[in-house]
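S.K.: Need the 3D shape of this:
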Amino acid sequence: MEDEEPLHLGTTIKEQPKSTQKLALLPLVFLIYFEVAGGPYGEEPAVRSAGPLLAILGFLIFPFIWSIPEALVTAELATTFPGNGGFVIWAHQAFGPFWGSLMGFWKFLSGVINLASYPVLCIDYLKLVFPVLSSGFPHYLAVLVSTFVLSYLNYTGLTIVGYTAVILGVVSLCPFIVMSLISVPKIDPARWMSLGEKGVKKDWSLFFNTLFWNLNFWDNASTLAGEVENPQKTFPKALFSAGILTCFGYLVPLLAVTGSIPLDQEKWVDGYFANAAEIIAGNWLKIWMELGAVLSVIGLFEAQLSSCAYQFLGMADLGIIPRSFGARSKAFNTPWVGILVSMIIALAISYLNFTDIISSVNFLYSLGMLLEFASFLWLRRKMPAIKRPFRVPLEMLGLVIMCLIPSGFLIYVMVVANSTVFCVSALLTVLGIMWYFLMKLCKSRDWCTFTTSEGSSEEDHHLVTR
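M.R.: All right, here's what the predicted structure looks like:
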């Protein structure tokens, strides 16, 4: 039997302008790295919640039960359906337009709300140097300006963003490398065996959430697949390389600090690595690490905004949203509407106290991941002979087991959510369903022009059939 060909959707069949520069391997590696990690910043609560030994084991073992399955699913599906939109295309191919639309709504919402936190976090670091930015009008103005500047950088092109991510990644990791090298003579391996200080209660919810959010989002870069040079070969290599970089980026500093400094568990909160750097090497390294944190946040913002914008473009190419929403700039060929919409939503949310909203969006992200695993398994059964440039080397039973373990963790994260999160998540999901039927109504009434699954607009289709 000949290999089936996938139904090409949107950018998979549209010819890109010849001047378009495709994303090469190295910048894609660092974009994936920033989608997932962006540096060791944020892993400190794992030590506070469970002690050094369990934190080390967590970052050593958790990639095998969560990150690797997610990365393998991404590698197979992104190379089989290499179009902008990523997971939206997968759900659309597996279960139809309704589930594709709902997947897009869940994931886009989780992406832009995560995006909203990065300018605020960036200003939180800068206010240590410039106290005037701590509150009031200067704080709000700084968030506004930083959001516009960083969004404009994204507008100038994915290639520029990709190589910027390379520079930001290398520079932000340098202080951790220096700290780790300086700490070597001070390391006492016995400190790694500690389960925590006596009297400090284990916080399992914080522990697992810290691992989850520091080793997540491997699939986000799939929304850029249509912009990648030779995605069938490049994506698996990039995912593998980013995985190695991420694991070492977390483990090496964690081993260095827990092994060289006596444990004071209550101090292990976000930002503790900067204080540890001061203890190990002096104030100069602390300042360098805080600067690295700012650069890391910039990289996180750029990678997340790229993912959101190209997902938006992919949804327009699939006909989930009007074709005009997928417009590209003539100067840089970037999806300027996707960038603008993502920026406006993120900017509006950044001025709110949105703790419960973020928790709710994390809930929706978990729903999206369950749908993604289901799409992966169903496509294996629905299209067994389709050409898969990268194929997870397991049969169906092995694939079910591979997806079942991380799915169990997703269900655990959802079950422990509070009632507010359940209510907000349900409301947002209902809005997503209403959006699908609103778009369906717009199509039936010809209120907007949509792209058909064959890649041409419905307006063009009417011209042909008249």
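
S.K.: just for the chain, where's the confidence low?
M.R.: 1-20, 128, 352-358, 453-466 (pLDDT under 70).

S.K.: As a check, name the ranges of all strands in it.
M.R.: Counting by DSSP state E, the chain has no strands to list.

S.K.: buried set for stretch 273-290?
M.R.: Buried positions in stretch 273-290, judged by neighbour count with 16 or more other Cβ atoms under 10 Å: 273-281, 285-290. In this view, the C-beta of every residue, glycine as well, is placed from N, C-alpha and C.

S.K.: Then stretch 410-430?
M.R.: 410, 413-414, 417, 421, 424-425, 428-429.

S.K.: Could you do stretch 140-155 as well?
M.R.: 142-143, 146-147, 150-151, 154-155.

S.K.: Dump these to JSON lines, plus distance to residue 436.
M.R.: Output for these, formatted as JSON lines (distance: Cβ to Cβ, whole Å):
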{"residue": "142", "distance to residue 436": "38"}
{"residue": "143", "distance to residue 436": "33"}
{"residue": "146", "distance to residue 436": "34"}
{"residue": "147", "distance to residue 436": "29"}
{"residue": "150", "distance to residue 436": "31"}
{"residue": "151", "distance to residue 436": "28"}
{"residue": "154", "distance to residue 436": "28"}
{"residue": "155", "distance to residue 436": "29"}
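
S.K.: out of these, which are inside helices?
M.R.: 142-143, 146-147, 150-151, 154-155 (DSSP state H).

S.K.: which two in those residues are spaced the farthest apart?
M.R.: 142 and 155 (20.3 Å; Cβ to Cβ).

S.K.: what's the closest of the buried residues of stretch 140-155 to residue 58?
M.R.: Distances from residue 58 to the buried residues of stretch 140-155, taken by Cβ to Cβ, are shortest for residue 150, at 31.4 Å.

S.K.: Now the closest one: closest residue in space, sequence neighbours ignored.
M.R.: Leaving out its chain neighbours, the residue that sits closest to residue 150 by Cβ to Cβ, 6 or more residues apart in numbering is residue 301, at 5.1 Å.

S.K.: and that neighbour, how many neighbours?
M.R.: Neighbours of residue 301 under the rule other Cβ atoms under 10 Å: 27.

S.K.: With the one 3 residues further on instead?
M.R.: With neighbours defined by other Cβ under 10 Å, the count for residue 304 comes to 26.

S.K.: right, and it touches residue 32 too?
M.R.: No. The criterion here is Cβ atoms under 8 Å, and residue 304 misses it with residue 32 at 11.9 Å.

S.K.: separation between the residue nearest to residue 242 when sequence neighbours are not counted and residue 343?
M.R.: Of all residues not flanking residue 242 in the chain, residue 32 sits nearest, at 3.9 Å (Cβ to Cβ, 6+ apart). Residue 32 sits at a distance of 22 Å from residue 343 (criterion: Cβ to Cβ, to the nearest Å).

S.K.: and if you look at residue 440?
M.R.: Distance, residue 440 to residue 343, by Cβ to Cβ: 28 Å.

S.K.: Looking at these two, which is more packed in?
M.R.: Between residue 440 and residue 343, counted using other Cβ under 10 Å, the more crowded position is residue 343 (23 against 14).

S.K.: ok, the more buried one touching residue 151?
M.R.: Yes. Using Cβ under 8 Å, residue 343 is in contact with residue 151, at 4.4 Å.
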